[in-house]
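> 3D model of this:
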Amino acid sequence: MRSSRKADSEMNETDPRVRHAKRLLLLLVNLLLLCASTRTRAQATQDTTNLPAPPPPSRSIEDLNYLAGDASVPAISDSVLSAQGKFRQSLFRKGLALRVVTQMQYAQNTLAAPVAPDDQVYIGQHPFENVMVQPILTSDLRQLHLRRAQLYVGGVWNWVSWNPAGPKTFQLWDLYFYKAWGRDRVQMKAGYISMNLEFVGLFVGGSTATGGQGVYAVLPYEVGMSYFPLTTPAATLRLRGPSHLYLKSAAQRSIDSGGGPEEVARNHTGFRFLPHGDQLLLLNETGFLRDAARDVHETWFRAGYLYNTTKYKNLATGQDESGNYCGYALLDRQLWRTSLEHPDHGVYAGASYMTVPDALNSYSRYYEARFYKEAPLERRPTDLLSFVASHTGYSRLATNSLVARGKTVWRSGSTLTGSYALHVSSGNFLGVGMTYLYGPAITPRVPNALNFLASWTTYF
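This is a model prediction of the structure:
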């Protein structure tokens, strides 16, 4: 497949859809660069996922936190290093902030003895470990007299004990310029971006510190969307409309059609702009986001569509073809609140649906139902208790092909996960849980599993 990419790419240049997509990308980048050159006197606001309040009269160190994504990151004040300390304040006076995020994860099946490392086919079949270190430097660009602007630079060292669950890498994570206008009603980013924090909203509870992803919620990544720890060149534009509506679009260079390990093998540093054969991915999402208040419950609905012009192997014909896509719809709704002082505290329910073409992907359908409670204990206002059930349909073409070659398969997989995210202390989060896996891997047809999960995340 890899040897035919050059000829496929040359033929792809004549595809009207590819030429049209490239013209759209060029137009969007030029528009964003033109907008970025203008200045505004408005001030950045406090929350990246809420409709903005009137701007504060002075800059805040929280303006240097991650902004304008579908997931939130704990406040800089919620760090091991104090936001009021000499180190942080000396950087802040120059419009800078430096954070380091570390995480350790562990998973192991409790229903059977571990298999040999080379025989594992799912996370936890052999004891699984993951260690991540992520330094992040941000600047509010006050030296350029910009407001509502940010330069965001991040790197990552990611190590996993089983590479298919990785990848193992030491590379660039994010490098982009952010600018907003009209009290954050128009927001744009341009540079190298990991899109899993920007689109879809996979994190239960909406936070990177306490939210987990469905075990097999990988369909957007199959279609080429970049995800941590991978990054690609991209430009995003988010519009916040009236009545809590929003619309956002992005043009992104696709990750390698072979997945994360192949992407890292061809792009070790993450800086490579356009590896041969990786083409354009277009992302569009629309949604309704109403935050919790004393008189209303929180509601977040989003639906989107990803279209990729990169060549993928057709499982039916064996030929490479473009046109891979992913459609998705997700809904999270606060059922009732448990605190008038903190309207976001309470019980939530959510559901997800995703679909991709069977002929171009091994995982073809994804369904998820979730129930979670923010602040499950009154004296622990930042903990999260969650229960997540998921079902993944495996491609019939992929499984039939495996059966024809004499292999055993699962036709689908289901999971049930219960977890508790504990805010141990400032900047420290512990997550523990159990996941039952029915059909843990496509092939071979290994027994079901009950995985113990644990993670420790620290924000410095």
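
> and residue 117, its phi and psi?
phi -50, psi -40 (degrees, to the nearest 10).

> now it. Nearest residue, chain neighbours left out?
Counting by C-beta to C-beta, 6 or more residues apart in numbering, residue 126 is the residue found nearest to residue 117 once chain neighbours are left out, at 5.3 Å. In this view, the C-beta of every residue, glycine as well, is placed from N, C-alpha and C.

> do you know the pLDDT at that neighbour?
Looking at residue 126, its pLDDT is 97.

> surely it touches residue 160?
No. Contact between residue 126 and residue 160 fails when scored by C-beta atoms under 8 Å: they sit 11.8 Å apart.

> stretch 116-134: end-to-end distance?
30 Å (C-alpha to C-alpha, to the nearest Å).

> where in the stretch 301-450 of the chain is pLDDT low?
Scanning the stretch 301-450 of the chain for pLDDT under 70 picks out nothing.

> quick check: bridge partners of residue 136?
Counting by DSSP bridges, residue 136 is bridged to residue 99, residue 154.

> quick one: pLDDT of it?
98.

> show me the contacts for it.
By C-beta atoms under 8 Å, 6 or more residues apart in numbering, the contact list for residue 136 reads 98, 99, 100, 101, 152, 153, 154, 174.

> that's a strand at the fifth one, yeah?
It stands for residue 152. Yes. Assessed by DSSP: H, G, I helix; E, B strand; the rest coil, residue 152 belongs to a strand.

> and the gap between it and residue 240?
20 Å (C-beta to C-beta, to the nearest Å).

> same deal with the fourth one?
Using C-beta to C-beta, we find residue 101 at a distance of 27 Å from residue 240.

> equivalent analysis for the first one, please.
In this view, residue 98 and residue 240 are 29 Å apart by C-beta to C-beta.

> also the second one?
Per C-beta to C-beta, residue 99 is found 26 Å from residue 240.

> can you give me the strands in the stretch 201-350 of the chain?
Counting by DSSP state E, counting those that start in this stretch, the stretch 201-350 of the chain has strands at residues 232-240, 245-253, 280-290, 299-308, 312-313, 320-321, 324-337, 346-355.

> tell me the angle the first one makes with strand 280-290.
This means strand 232-240. 30 degrees (axes from the mean of the first three to the mean of the last three C-alpha atoms, to 10 degrees).

> swap in the longest one?
With the same axes, to 10 degrees as the basis, strand 324-337 and strand 280-290 are set at 10 degrees to each other.

> can you get me the centre-to-centre distance for strand 324-337 and its chain?
14 Å (C-alpha atoms, centre = their mean, to the nearest Å).

> same check on the last one?
For strand 346-355, the gap between its own C-alpha mean and the chain's C-alpha mean amounts to 16 Å (C-alpha atoms, centre = their mean).

> go on, the second one?
For strand 245-253, the gap between its own C-alpha mean and the chain's C-alpha mean amounts to 14 Å (C-alpha atoms, centre = their mean).

> tell me what it is packed against?
For strand 245-253, the packing partners by 3 or more C-beta pairs under 8 Å, 6 or more residues apart in numbering; DSSP states H and E come out as helix 16-36, strand 232-240, strand 280-290.

> thinking again about what came up before, hmm, which of the contacts of residue 136 are the buried ones?
98, 99, 101, 152, 153, 154, 174 (16 or more other C-beta atoms under 10 Å).

> give the contact list for the residue nearest to the fifth one when sequence neighbours are not counted.
The one in question is residue 153. Excluding the flanking residues, the one nearest residue 153 by C-beta to C-beta, 6+ apart is residue 137, at 4.7 Å. Counting by C-beta under 8 Å, 6+ apart, residue 137 touches 96, 97, 98, 153, 154.

> rerun at 10 Å
Each residue near residue 137 by C-beta atoms under 10 Å, 6 or more residues apart in numbering is listed here: 64, 91, 96, 97, 98, 99, 100, 151, 152, 153, 154, 155.

> residue 108 now?
114, 123-129, 449-454.
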